[in-house]
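Chemist: fold the following, please.
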Amino acid sequence: MSIIIEKIDTSLAFRALKEEWNHLLNYSPVQSIFLTWEWLFTWWEYFGSEKTLYILLARESGELAGIAPLMIDSVKRLGITFKMLRNMGMPDVDVAGFIVKGERMEIVEAFSQEIYKDSNGWSILELGEFPSEAYDIQRILRAFPKPRHLIRLMPKPHTFIPTTGDWEEYYCTMSKHHRRSMRKKERLLKDEHKSMEYERLNNGKAGAEHFNTIFKINAEARFPELYATEPLRNFHLALAAPEVLQRSVDISLLRVDNIPIAFEYGFLYNGVYEAWRGAFLPSCYEYSPGSLVFLNLLQNNFAAGLQGVDLLRGEHDYKRRWRGYDRSFTLLRVVPRKNPLACAAYVWLPDLKKWLQKLRHSDKENRTGEEKDD
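Modeler: Down below sits the predicted model:
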C-alpha cells in the first residue's frame with residue numbers, strides 16, 4: 001500500500017485536521033499533551049504569525065496514518081538569521097516528534113525523505129525532543145547522507161516519577177535529609193503563620209482567576225519573562241477554555257494565611273501529570289515553598305491513582321531529590337554542509353564550547369588532585 005505525502009501550509013487546513021489528528025494520536029508511540037491538536041493549534045494562533053506552517057501528512061488509501069507537525073522558523077545566531085525547520089511549538093513544547101500509527105517506521109522514513117527533497121528551503125533541521133525508543137533513528141538518518149550533512153544527536157533525559165502503589169513506601173525512598181528538611185519547613189510555616197493550605201485544580205476547575213494568581217507569583221519569581229507579555233498570558237488563558245484543554249490543565253497552589261506563595265502548573269494526559277512550570281515568591285524562600293507544593297502534588301497523585309509525574313526536559317539537581325528515573329529523549333539536528341555559516345553556528349562552535357568546558361573541568365580536577373597530594 002503506497003504512502004502519499006501531503007503538505008499543509010495554511011491555518012484553515014490545519015484547523016480542519018482536529019478530529020483526524022487526535023484520533024491518530026491515540027495510536028502513536030509518542031504521546032503527550034504537547035502533541036495534541038488543541039495545544040499546537042492554540043500555540044500557532046498566538047505565535048505563528050512570523051513563522052511558516054509546514055505540516056506533512058501521510059495517507060494510505062485516503063486514511064491518515066502519520067503527521068509531522070513542523071514549521072519553518074527564522075532563528076538568529078552570531079548575528080546571522082537562519083531558516084530552521086523544526087517541530088511546531090518549539091521552544092515551548094517539552095515533547096515533540098512525529099505522530100504515526102503504531103510503530104510504522106516506513107512512514108517516518110517517508111517524512112524524512114520528503115524533508116530532504118525540500119532541503120533548499122531550510123538551513124537547519126531540528127527534531128525533538130522525542131523518546132529515543134520511539135523511532136529507529138538510523139532509519140531517519142538514511143535520508144540525510146553523511147558526506148553532505150553534519151548530524152548531531154543530543155541526549156535529553158526526562159525524569160519520570162511513578163505514582164502508583166503506596167505513598168508511604170515511595171516517601172521512604174527519599175533521602176532522610178530531604179524528608180527531614182521538608183518536615184522542618186512545614187513546622188516553620190505552621191509556627192510562624194496561622195495556616196498552610198494546598199489546593200489542586202484540574203478536570204475543568206482551573207479558571208482565569210487561578211492563572212492570574214500564577215501570573216502574579218511569577219512576576220516576582222526567577223523567570224518573570226515567562227508570562228510577561230499579553231500574548232503569553234492570553235495563550236495560557238486560551239488553553240484553559242472549555243473547548244480547548246480545560247479538563248487537562250492542572251494547577252496546584254500553596255497558600256499561607258490565604259495568600260498564594262507557590263504554584264505548579266502542568267497538564268494531565270493519559271493518567272500522567274506533565275509538570276510544565278512552577279514558581280514561588282522569593283520572599284518565602286526560607287520555607288522551600290516550591291518543594292512543599294510539589295510534595296503535596298505527588299501525594300495527591302498517589303491518592304488519585306495516577307500513573308506518574310513527568311518532570312519533562314532540563315537536567316536539574318532538584319529532580320534527583322524526588323527519586324524518579326531518567327527516560328531517554330533525543331534532540332536531532334541536521335545541517336547541510338553546503339551551508340558553512342549554519343554549520344559553524346549550530347555544530348562547530350557548540351562542539352568547540354563543549355570541548356573547552358570539558359578541558360576546564362579536567363584541568364580543575366587535576367589541580368584539585370595536586371592540592372590533595374600536597
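Chemist: and the biggest strand by length in the chain, what does it pack against?
Modeler: Taking DSSP state E as the assignment, the strand of the chain that covers the most residues is strand 63-77. Contacts of strand 63-77 with other secondary structure elements, assessed using 3 or more C-beta pairs under 8 Å, 6 or more residues apart in numbering; DSSP states H and E, are made with helix 18-25, strand 52-60, strand 80-87, strand 99-100, helix 105-117. For every residue, glycine as well, the C-beta is placed using N, CA and C.
Chemist: point out the most buried one among the ones you listed.
Modeler: Each of the helices and strands packed on strand 63-77 was assessed for mean neighbour count using mean count of other C-beta atoms under 10 Å. The highest is strand 99-100, with a mean of 26.
Chemist: I would like the residues contacting stretch 17-30, please.
Modeler: Judged by C-beta atoms under 8 Å, 6 or more residues apart in numbering, the contacts made with stretch 17-30 from elsewhere in the structure are 8, 31, 35-38, 41, 55, 57, 64-67, 95, 97-103, 130-131, 134.
Chemist: now do that stretch, average pLDDT.
Modeler: Per-region confidence: stretch 17-30 scores 95 on mean pLDDT.
Chemist: quick one on the thing from earlier: and the longest strand of the chain, which strands flank it?
Modeler: As defined by DSSP bridges, the strand partners of strand 63-77 come to strand 52-60 (antiparallel), strand 80-87 (antiparallel), strand 99-100 (antiparallel).
Chemist: now tabulate the ones you listed in CSV and tack on distance to Leu253.
Modeler: Converted to CSV, the strands paired with strand 63-77 look like this (distance: least, C-beta to C-beta, whole Å):
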stretch, distance to Leu253
strand 52-60, 36
strand 80-87, 31
strand 99-100, 33
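Chemist: looking at these, which is nearest to Trp276?
Modeler: strand 80-87 (16.2 Å; C-beta to C-beta).
Chemist: what's the angle between the closest one and helix 105-117?
Modeler: For strand 80-87 against helix 105-117, the angle by axes from the mean of the first three to the mean of the last three C-alpha atoms, to 10 degrees is 160 degrees.
Chemist: report the distance from strand 80-87 to the chain centre.
Modeler: When C-alpha coordinates are averaged (C-alpha atoms, centre = their mean, to the nearest Å), strand 80-87 and its chain have centres 19 Å apart.
Chemist: can you list the buried residues in stretch 317-329?
Modeler: For stretch 317-329, burial by neighbour count (16 or more other C-beta atoms under 10 Å) applies to 319, 321-324, 329.
Chemist: need the strands paired with strand 63-77 in TSV (columns: mean pLDDT).
Modeler: As requested, these are exported to TSV (pLDDT from 0 to 100):
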stretch	mean pLDDT
strand 52-60	97
strand 80-87	96
strand 99-100	96
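Chemist: out of these, nearest to Met182?
Modeler: Closest of the strands paired with strand 63-77 to Met182 is strand 80-87, at 36.8 Å (criterion: C-beta to C-beta).
Chemist: dump the closest one to CSV, keeping only the CA atoms.
Modeler: Extracted C-alpha coordinates of strand 80-87, given in CSV (Å, rounded to 0.1, in the frame of the first residue of the first chain):
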residue,chain,number,x,y,z
ILE,A,80,23.0,35.8,11.3
THR,A,81,19.4,34.8,10.6
PHE,A,82,18.8,31.1,9.5
LYS,A,83,15.8,29.2,8.4
MET,A,84,15.2,26.3,10.8
LEU,A,85,12.8,23.6,10.0
ARG,A,86,11.7,22.4,13.5
ASN,A,87,8.8,20.9,15.5
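Chemist: in three-state terms, label Lys338 for me.
Modeler: Three-state secondary structure (criterion: DSSP: H, G, I helix; E, B strand; the rest coil) places Lys338 in coil.
Chemist: so Cys172 belongs to a strand, correct?
Modeler: No. Assessed by three-state DSSP, Cys172 does not belong to a strand; its assignment is helix.
Chemist: which residues touch it?
Modeler: For Cys172, no contacting residues are found, by C-beta under 8 Å, 6+ apart.
Chemist: kindly report the same for Arg15.
Modeler: Counting by C-beta under 8 Å, 6+ apart, Arg15 makes contact with Phe41.
Chemist: now do Thr81
Modeler: Contacts for Thr81 were tallied using C-beta under 8 Å, 6+ apart; they are 74-75.
Chemist: how close does it sit to Trp122?
Modeler: Taking C-beta to C-beta, to the nearest Å as the measure, Thr81 and Trp122 are separated by 13 Å.
Chemist: how about a markdown table for the helices and strands packed on strand 63-77, with distance to Phe302 added?
Modeler: Listed next are the helices and strands packed on strand 63-77 as a markdown table, based on distance: least, C-beta to C-beta, whole Å:
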| stretch | distance to Phe302 |
| --- | --- |
| helix 18-25 | 27 |
| strand 52-60 | 39 |
| strand 80-87 | 33 |
| strand 99-100 | 31 |
| helix 105-117 | 36 |
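Chemist: indicate which one of these is closest to Ser288.
Modeler: Shortest distance between Ser288 and those, using C-beta to C-beta, is found for strand 80-87: 34.6 Å.
Chemist: picking that back up, among the contacts of stretch 17-30, name the buried ones.
Modeler: Going by neighbour count (16+ other C-beta under 10 Å), the contacts of stretch 17-30 have 8, 31, 35-38, 41, 55, 57, 64-67, 95, 97-101, 130-131, 134 buried.
Chemist: quick one on the thing from earlier: which of the strands paired with strand 63-77 sits closest to Ala344?
Modeler: With C-beta to C-beta as the yardstick, what comes closest out of those is strand 80-87 (9.1 Å).
Chemist: Val335 and Leu356, how far apart?
Modeler: Val335 sits 21 Å away from Leu356, taking C-beta to C-beta as the criterion.
Chemist: cool, thanks, signing off.
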